[in-house]
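**Q** Provided below are the primary sequence and the corresponding predicted coordinates.
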Amino acid sequence: MELLAPAGDMQSAKAAFSAGADACYIGGGFSARAYAANFAREEILELLEYAHLRGKKVHVAINIMLKQSEVPKALEEAAFLYETGVDAIIASDLGFLSQAHRLFPELPLHASTQMGVQDAGGARLAAELGCSRVVAARETTLEGLRQMAQTGIEVESFCHGALCSGVSGACLLSGMAGGRSGNRGKCAQPCRQSYELLGEQAYHLSTKDLCA
C-alpha cells in the first residue's frame, strides 16, 4: 500500500514526506488545482531530487480538460517530466493520455479522479489508454473499488477530503453559474453555498466530506 498526499508548494511536499507520505502529487501548468502555488520546472527538479534521495515518489498532475490548442504544450510538459524521471503523470484527457502513451511508452500514467472511473469497465478503458493506475472517482463504492482491483490495474482511492455533489470530472455547476470551470481546476464550490428550496434555506447540495 502507498500513502499519498497533495502538495501545492515545496514546503507542503516536504512536510508531507516528513509526516510519512510515500508520494506526493503536485501540479504544474495544467493541474486541476489552479489556485495552488504549484511548481515551476526548476522546483519540480528540486523536489524530485529531494524525494528520490529519501525513497519517496513524485506524481505530477496534468489533469484538467485540455483545449485542443493546449495539447502540444501539455505533451511538451510530459516530455520534460519523462526526461527528468518523474514517477508518474496523472491525467484525465483521453486524447492526451493516448498520445502521451504513444510518445513515451515507459512513462507511468495514472488515470485521474477527474476521469470519473467507478467500475471495472472504466478501469479496463484506462488500461487500454496506457494507464498503470486508476485514481477512482471520489464517490466510488467499496464494491466498485473491488471490481477495479480485480482487473489487475493499480487502484488509488481518496480517503480524506471534499466530495463533489456531481460525478467527479463531470460537474458543470461552477462553470455555468460563475464562469469558473471545475474541469479546468477553478471550481468555486457553489454546491457548498446555502440555497432556498420550497421556502427552506439550507445547504441542500453540500455533501459530507470523506474522513477515513
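**A** Received, thanks.
**Q** Give the residue spans of the chain that score low on pLDDT.
**A** Applying pLDDT under 70 to the chain flags the ranges 31-37, 168-169, 174-175, 181-186, 212.
**Q** Now do the strands in it.
**A** Remark: strands assigned in the chain by DSSP state E are 4-6, 23-27, 57-62, 88-91, 109-111, 131-135, 154-156, 160-161, 195-197, 200-202, 210-211.
**Q** Now do the first one: everything it contacts.
**A** Outside of strand 4-6, the residues within contact range by C-beta atoms under 8 Å, 6 or more residues apart in numbering are 12, 16, 19, 21-26, 33, 59, 156. Glycine gets a C-beta too; all of them are placed from N, C-alpha and C.
**Q** List buried residues within those residues.
**A** 12, 16, 21, 23-26, 33, 59, 156 (16 or more other C-beta atoms under 10 Å).
**Q** Tell me the one among the residues you listed nearest to residue 103.
**A** Nearest to residue 103 among the buried ones among the contacts of strand 4-6: residue 59, at 18.6 Å, using C-beta to C-beta.
**Q** what's near enough to touch the closest one?
**A** Going by C-beta under 8 Å, 6+ apart, the list of residues near residue 59 reads 4, 23-26, 86-90, 110.
**Q** would you turn the strands of the chain into a markdown table with distance to residue 188?
**A** Shown next, in a markdown table, are the strands of the chain (distance: least, C-beta to C-beta, whole Å):
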| stretch | distance to residue 188 |
| --- | --- |
| strand 4-6 | 19 |
| strand 23-27 | 18 |
| strand 57-62 | 20 |
| strand 88-91 | 23 |
| strand 109-111 | 25 |
| strand 131-135 | 23 |
| strand 154-156 | 26 |
| strand 160-161 | 17 |
| strand 195-197 | 14 |
| strand 200-202 | 19 |
| strand 210-211 | 20 |
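**Q** Run a quick neighbour tally on residue 60.
**A** Residue 60 has 27 neighbours, counted by other C-beta atoms under 10 Å.
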